[in-house]
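A.B. asks: Sequence and predicted structure, then a few things I'm wondering about:
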Amino acid sequence: MKLKQLEGIISQLVQFQNPKIELEQYSTGAHIASRMLYMADSSYDDISGKVVVDLGCGCGTLGVAASLLSADHVIGMDIDADALDLARENSLELEASIDLIQGNVASFRIEGVQVDTVVMNPPFGTRQKGADMMFLSSACQIANSTVYSLHKSSTREHVKRVALNNFGAKTADVLCQDCWCVYAIMYVHSRSLALLCMSTP
């Protein structure tokens, strides 16, 4: 599947209509989601044929993209039942195969399944301080190979340092940077985001 085709398909997904500010729910746009997953697949061979977890899956955008790129097994996890309903609707609409699980990222573990890759668009930690690091910690514990995660550029060095020193990542690399407008669903801002790839032990 070509990049533009993937972006066109996932742009059809239903997004949050009434996002919950305390959970920092904002949709991962088709532009950035398609590029993140396409790069993980075509440049690093981390999606097709792999077991992929979409941590804090929200509407399921990253998980659906992973399924469309022929991931062997996709698991989407979120604490919010309403978000999981949206993810279920989106996966059914596009005939994407995703197992959806409700749970808290702080205690989320997967037993009996070897997870290759974690993809996520975690909270930035603006409402709950440290939420981004909590997601990153869990992701590094879950993934056997690689974590792809979106973060604010302003936190880049902190995220890299903590991933390497505290979470056992072998490497922490910025693979790309893009300007991402988070539309005025809850508040108005435009942030420059860095996509970080972490290789786990």
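C.D. replies: Received it, and whenever you're ready, just let me know what you need.
A.B. asks: per-residue pLDDT, Asp41?
C.D. replies: Reading off the confidence values, Asp41 has pLDDT 97.
A.B. asks: for Leu68, same thing?
C.D. replies: Looking at Leu68, its pLDDT reads 97.
A.B. asks: now swap in the one 5 residues further on and tell me
C.D. replies: Model confidence at His73, expressed as pLDDT, equals 97.
A.B. asks: Run through the bridge partners of it.
C.D. replies: Val51 (DSSP bridges).
A.B. asks: list the contacts for it?
C.D. replies: Each residue near His73 by CB atoms under 8 Å, 6 or more residues apart in numbering is listed here: 51-52, 97, 99, 113. Where you see a C-beta, it was placed from the backbone N, CA and C, and this is true even at glycine.
A.B. asks: check contacts around Gly63.
C.D. replies: Here Gly63 is in contact with 52, 54, 57, 74-76, 87, 91, 96, 98, 119 (criterion: CB under 8 Å, 6+ apart).
A.B. asks: Would you format those residues as a markdown table with neighbour count and distance to His151 included?
C.D. replies: Shown next, in a markdown table, are those (neighbours: other CB atoms under 10 Å; distance: CB to CB, whole Å):
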| residue | neighbour count | distance to His151 |
| --- | --- | --- |
| Val52 | 32 | 19 |
| Asp54 | 30 | 16 |
| Cys57 | 30 | 17 |
| Val74 | 29 | 22 |
| Ile75 | 22 | 22 |
| Gly76 | 32 | 20 |
| Ala87 | 27 | 22 |
| Ser91 | 23 | 26 |
| Ala96 | 22 | 26 |
| Ile98 | 24 | 24 |
| Val119 | 31 | 13 |
